[in-house]
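> Below is the structure, and that's it, no one-letter string:
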């Protein structure tokens, strides 16, 4: 359960470990593989891995007021792992208010922020410690862990931006990122509709 | 000169050292004591220190588009030091669009984020490594270094929020933070109008 309850109207502080991204005062939302069935291209490898149902990522949802003057923030932690050769990743989403950006600041780990516009423009932005990433307005975004340790980033977006997961769930991304002999490699997604 | 020029419409990455906050690709704006005359309560101590005109703080102004869907971000670095017993601090400002918040994530150092509403509600929010600070809508905010090393934080606010420095410059803050036997202590500002 998400018990995060903070005084957005008068200000507050909240701890996020600079390496692990975990908070002692905040409660994270956890995403297990069973909650993202069909997101990986290799359905057989996914089915096999579902037997142990690993946690793929977790993030903080702090119940920011859904108004344009507030800012939602927290950390995302994507664990290392693969489904066949496809790296662990977040579901990814568009913002419901499409014309709103998002800022990530990478704290630890290595990865890619995959950004894709409705028209199919694709950007692969590198995540590494100390790298800030600007996700432009209109672009769906997904965090992909291409390394051997948790990929951790602090994020901020407008309180009213909203999450549209459905479009990605239905259509998928145009682009996959897979491990080819140890090198993260972008490929067209065979499942993309 | 501020030569920061980034593709906000299509996304980009930018480095900020996780400890020092400094960027190799970005250019910082520097604030020397001579650019904030009259901000410290002890005018004599200020005048004396002006002979060496130390850099009090620097921050990154990346020329984010001034529209509500974009997010300005960067780091602020406040150097350690005092004018008499008053800690080095930023000028502080309200947002021009008063109803917009700001998020800080403290990377290193110790300090206080002093928040003050137009009605005089005052919040002193603690800054220490790993502490995120939520500056609520409507509150002026100033970063104060109460430690012995640079105070470094990553910040994000709405692209169109705007900076109203004039109100603080004219009226000052209601509250000062000074060193009393090694303890940061809040006092009423004798200069406040």
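In hand now; what should we look at? Owing to the predicted nature of the structure, the values given are computational and were not obtained by experimental measurement.
> Going by C-alpha atoms from here, please, whenever you check contacts or count neighbours.
Noted.
> unless I'm mixing things up, residue A:29 is touching residue A:62, no?
No - taking contacts as Cα atoms under 8 Å, residue A:29 lies outside contact range of residue A:62: 9.8 Å.
> Compare these two (neighbour count), which wins?
Counted by other Cα atoms under 10 Å in any protein chain shown, residue A:29 and residue A:62 do not tie: residue A:62 has more neighbours, with 19 against 14.
> That one: what's it in contact with?
Going by Cα atoms under 8 Å, 6 or more residues apart in numbering or on different chains, residue A:62 touches A:4, A:5, A:6, A:26, A:72, A:73, A:74.
> Point out where chain A drops to low pLDDT.
A:1-2 (pLDDT under 70).
> Regarding chain A, what is its longest helix?
With residue count as the measure and DSSP state H as the assignment, chain A has helix A:43-50 as its longest helix.
> ok, and for that helix, which residues are buried?
By neighbour count with 16 or more other Cα atoms under 10 Å in any protein chain shown, helix A:43-50 contains the buried residues A:46, A:47, A:49.
> and of those, the nearest to chain B?
Each of those was scored against chain B by Cα to the nearest Cα, and residue A:46 proved nearest at 31.4 Å.
> Chain B versus the closest residue to residue A:66 other than its chain neighbours, what's the distance?
Spatially, and ignoring its direct neighbours in sequence, residue A:66 is nearest to residue A:160 (4.1 Å; Cα to Cα, 6 or more residues apart in numbering or on different chains). Residue A:160 is 11 Å from chain B, where distance means Cα to the nearest Cα, to the nearest Å.
> can you tell me which helix or strand residue A:160 belongs to?
Using DSSP states H and E, residue A:160 sits in no helix or strand.
> Now do the same contact list for it.
Counting by Cα under 8 Å, 6+ apart, residue A:160 has contacts A:65, A:66, A:67, A:68, A:70, A:97.
> now do 6 Å
The neighbours of residue A:160, taking Cα atoms under 6 Å, 6 or more residues apart in numbering or on different chains as the test, are A:66, A:67, A:68.
> what do you get for residue A:97?
Here residue A:97 is in contact with residue A:161 (Cα under 6 Å, 6+ apart).
> With residue A:185 instead?
For residue A:185, the contacting residues are A:177, A:178, by Cα under 6 Å, 6+ apart.
> As JSON lines, the buried residues of helix A:43-50 with distance to residue B:36 would be great.
Converted to JSON lines, these look like this (distance: Cα to Cα, whole Å):
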{"residue": "A:46", "distance to residue B:36": "60"}
{"residue": "A:47", "distance to residue B:36": "63"}
{"residue": "A:49", "distance to residue B:36": "60"}
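> what does chain A put close to chain B?
A:9-18, A:69-70, A:99-101, A:130-136 (Cα under 6 Å from any Cα of the partner chain).
> From those, keep the buried residues only.
Buried, going by 16+ other Cα under 10 Å: A:10-18, A:69-70, A:100-101, A:130-136, out of the residues of chain A next to chain B.
> quick one: terminal-to-terminal distance for stretch A:178-193?
One end of stretch A:178-193 to the other measures 19 Å (Cα to Cα, to the nearest Å).
> Backbone dihedrals for residue A:57, please?
Taking degrees, to the nearest 10, you get phi -160, psi 170 for the backbone angles of residue A:57.
> which residues pair with it across the strands?
residue A:31, residue A:78 (DSSP bridges).
> coming back round to it: phi and psi next, for the residue nearest to residue A:66.
Per-residue torsions, residue A:160: phi -100, psi 10 (degrees, to the nearest 10).
> Next: the one 10 residues further on.
With angles defined as degrees, to the nearest 10, residue A:170 shows backbone torsions of phi -80, psi -50.
> can you check residue A:70 too?
Dihedral angles for residue A:70 - degrees, to the nearest 10 - are phi -90, psi 160.
> Please apply the same query to residue A:36.
According to degrees, to the nearest 10, residue A:36 has phi -140, psi 40.
> Check residue A:41 too.
The phi/psi pair for residue A:41 (degrees, to the nearest 10) is phi -70, psi -30.
> same question, residue A:79
phi -80, psi 160.
> what residues are up against it?
Listed by Cα under 6 Å, 6+ apart, the contact set of residue A:79 reads A:56, A:57, A:150.
> With neighbour count and distance to residue A:88 added, can I get the residues you listed in CSV?
Shown next, in CSV, are those (neighbours: other Cα atoms under 10 Å in any protein chain shown; distance: Cα to Cα, whole Å):
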residue, neighbour count, distance to residue A:88
A:56, 25, 6
A:57, 25, 8
A:150, 23, 10
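> All set, thanks.
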